[in-house]
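A.B. asks: After the sequence you'll find the predicted model.
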Amino acid sequence: MTPNYSPDQIEQLFTRADGSYAFARWGRPIAPIVFGVEDETLVTVKGAFEAVATLAGHQMAETDPELGANLMVFFFRDWQELLEVPDLGRMIPDLGPLVARLSAAKASQYRAFRFDDQGAIQAAFVFLCMNSDLAKIPAETLALTQAVQTIVMWGDQAFADMSPLAVLPETGATILRPEIAGVIAAAYDRMMPPAADDKSHALRLFARLQAPVKVEPSEGE
């Protein structure tokens, strides 16, 4: 049986660069929309988000009554393409300077969140610049990684040293690491708050960790 994270390890998953603790989960059903991919990849991406939402015990939806779509995933070749997306500048503050900064840094991905009055995730935006590095990653792996990284708001360096995914040596299948699956499931416990900025939250997550759960994309997702 794979051991769960310690309280200190969980705390680090939600610690920002400035040392503050910040956690948030979705407060409404997730209604995703994906731009810039073929239908086959679209199915894969949505399947990955559905798999992680199922693990969390959270709902998916066709539409959000307020926003239409509240999870937007963009695939593109050049950061400048974002400046041509209608109304995106209205949803992402200072889009022009942000694009310039990400382009200069040769960034491959960026995520932005919006929050409701309770601090829960209200909307998320995922930007994937399909440069040579990202283009080499299988669609299933890339989609599952993004699903994990948007199901809750993680700390800046949560996965800097180790991916949230692992490869099963017996089959070569890509799965969500059991420790991370356990943290996600605990974070969506109905007794847990939708947002937290106190490190004691990590202790509450630790107390609720369940048996490890594996999430594996199925054929055709």
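C.D. replies: Noted; the coordinates are in hand.
A.B. asks: on contacts alone, who are the packing partners of the lowest-mean-pLDDT helix or strand in the chain?
C.D. replies: Least confident helix or strand, the chain: helix 132-135 with a mean of 80, by mean pLDDT, DSSP states H and E. Using 3 or more C-beta pairs under 8 Å, 6 or more residues apart in numbering; DSSP states H and E, no helix or strand is in contact with helix 132-135. For glycine as for every other residue, the C-beta is placed from the backbone atoms N, C-alpha and C.
A.B. asks: which is the next helix or strand following it?
C.D. replies: Once helix 132-135 ends, the next helix or strand along the chain (criterion: DSSP states H and E) is helix 139-151.
A.B. asks: List the contacts of that next one.
C.D. replies: Contact with helix 139-151 is made by 25-26, 41, 44-45, 47-49, 51-53, 56, 58, 71, 73, 109, 111, 124, 126, 128, 134, 137, 159, 163-165, 174, 176, 180, 184, 215, 217, 221, as judged by C-beta atoms under 8 Å, 6 or more residues apart in numbering.
A.B. asks: what bits of this protein have low per-residue confidence?
C.D. replies: 1-3, 132, 210-221 (pLDDT under 70).
A.B. asks: so how far is Arg177 from the residue of it positioned farthest from its centre?
C.D. replies: Distance from the C-alpha centroid of the chain, by C-alpha atoms, centre = their mean, peaks at Glu170 (26.9 Å). Distance, Glu170 to Arg177, by C-beta to C-beta, to the nearest Å: 16 Å.
A.B. asks: What strand or helix carries Val73?
C.D. replies: Using DSSP H and E, Val73 maps to strand 71-76.
A.B. asks: in its sheet, what does that strand sit against?
C.D. replies: strand 32-35 (parallel), strand 121-129 (parallel) (DSSP bridges).
A.B. asks: The contacts of helix 139-151 in helices, which ones?
C.D. replies: Cross-referencing the contacts of helix 139-151 against helices under DSSP state H gives 41, 44-45, 47-49, 51-53, 56, 134, 180, 184.
A.B. asks: Surely Glu66 forms part of a strand?
C.D. replies: No: the assignment for Glu66, made by DSSP: H, G, I helix; E, B strand; the rest coil, is coil rather than a strand.
A.B. asks: Pretty sure Leu203 sits against Pro7.
C.D. replies: Yes: if you go by C-beta atoms under 8 Å, Leu203 and Pro7 touch, sitting 5.2 Å apart.
A.B. asks: Looking at the ones in helices among the contacts of helix 139-151, spot the one nearest Pro97.
C.D. replies: Leu134 (22.9 Å; C-beta to C-beta).
A.B. asks: In space, what's closest to that closest one - neighbours in sequence excluded?
C.D. replies: Ser108 (5.0 Å; C-beta to C-beta, 6 or more residues apart in numbering).
A.B. asks: Quick one: residues contacting the one you found.
C.D. replies: If you count contacts by C-beta under 8 Å, 6+ apart, then Ser108 has Leu128, Cys129, Asn131, Asp133, Leu134 around it.
A.B. asks: Tell me, how many residues neighbour the third one?
C.D. replies: The number of residues packed around Asn131, counting by other C-beta atoms under 10 Å, is 15.
A.B. asks: What residues does it make contact with?
C.D. replies: The contact partners of Asn131, by C-beta under 8 Å, 6+ apart, come to Arg77, Lys106, Ser108.
A.B. asks: can you list those residues in JSON lines and add distance to Phe115?
C.D. replies: Below are the contacts of Asn131 laid out as JSON lines (distance: C-beta to C-beta, whole Å):
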{"residue": "Arg77", "distance to Phe115": "30"}
{"residue": "Lys106", "distance to Phe115": "29"}
{"residue": "Ser108", "distance to Phe115": "25"}
